[in-house]
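Trainee: Structure for the following, please:
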Amino acid sequence: MRRSLPQITCRVSDTLIARGHHGLIVTAPESATGPAETAEAMEVEVGALVHSEVFLLGDEPILLLVSAAHRVDPDRTGARLEGTLIPAPPHLVMRYTGQLPGSVAPIGHPANLPTWVDSRLSGHRELWAAGGSPGTVFRTSYTELLRITAGLSLDLD
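Mentor: Down below sits the predicted model:
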């Protein structure tokens with residue numbers, strides 16, 4: 001039996017297609033409850049999973065696409081971006097992306113967010129990013145992720 005995807009995931013797929021990606025979004029295995037389990041189920045390294053994290057840079061929302069093997073240091077990253085960086089609370093994540101925290105896709109939001117992509121993701125041939133709803137993911141590459149998000153590379157060491 002074919003399971004239909006949620007409307008938000010269909011919007012992410014449509015956005016992917018409009019930006020030259022194949023648009024295929026798959027459902028991760030149900031056993032994948034966290035980054036380690038997801039990576040194991042997808043047969044990739046944890047570092048190849050892309051976390052989409054919404055922050056406020058001053059008063060403006062931004063999107064950081066980060067390797068699941070790393071964490072954002074708001075002080076250091078804020079200094080690189082020349083401002084104060086704080087994680088957006090869940091209600092603002094929903095407002096700016098239309099997606100649940102923890103399932104935010106890099107694209108498919110009501111408005112494009114300024115986006116920076118963790119340069120450490122470039123070390124993986126294949127990346128997997130959230131599809132906009134729980135348990136959905138799509139395959140991409142570092143170069144393609146930069147292109148489809150109009151993102152800028154950022155060293156988050």
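Trainee: low pLDDT regions in the chain?
Mentor: By pLDDT under 70, the low-scoring segments of the chain are 1-3, 29, 31-33, 157.
Trainee: Can you show me the strands along it?
Mentor: 26-27, 49-57, 60-67, 85-87, 115-118, 127-130, 136-140, 152-154 (DSSP state E).
Trainee: Identify whichever of those strands lies nearest to S103.
Mentor: Of all the strands of the chain, strand 127-130 sits nearest to S103, with 5.2 Å by Cβ to Cβ. Placement of C-beta: from N, CA and C, glycine included.
Trainee: Now distance to A36 and mean neighbour count too, for the strands of the chain, in CSV please.
Mentor: As requested, the strands of the chain are exported to CSV (distance: least, Cβ to Cβ, whole Å; neighbours: other Cβ atoms under 10 Å):
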stretch, distance to A36, mean neighbour count
strand 26-27, 18, 14
strand 49-57, 10, 22
strand 60-67, 13, 21
strand 85-87, 22, 16
strand 115-118, 18, 24
strand 127-130, 13, 24
strand 136-140, 15, 21
strand 152-154, 25, 15
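Trainee: Do you have the helices of this protein handy? List them.
Mentor: 7-18, 35-42, 74-80, 90-97, 142-149 (DSSP state H).
Trainee: The shortest one - contacts with which helices or strands?
Mentor: Okay, so that is helix 74-80. For helix 74-80, the elements it packs on are strand 85-87, judged by 3 or more Cβ pairs under 8 Å, 6 or more residues apart in numbering; DSSP states H and E.
Trainee: Give the partner strands of the strand it packs on in its sheet and their orientations.
Mentor: strand 49-57 (antiparallel) (DSSP bridges).
Trainee: Just the C-alphas of the strand it pairs with, formatted as PDB.
Mentor: As requested, the backbone C-alpha atoms of strand 49-57 are provided in PDB (Å, rounded to 0.1, in the frame of the first residue of the first chain):
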ATOM      1  CA  LEU A  49      22.800  14.000   7.600                       C
ATOM      2  CA  VAL A  50      21.800  17.700   7.200                       C
ATOM      3  CA  HIS A  51      20.100  19.400  10.100                       C
ATOM      4  CA  SER A  52      18.200  22.600   9.100                       C
ATOM      5  CA  GLU A  53      18.300  24.900  12.100                       C
ATOM      6  CA  VAL A  54      16.600  28.200  12.400                       C
ATOM      7  CA  PHE A  55      18.300  31.000  14.300                       C
ATOM      8  CA  LEU A  56      17.700  34.600  14.900                       C
ATOM      9  CA  LEU A  57      20.600  36.900  13.700                       C
END
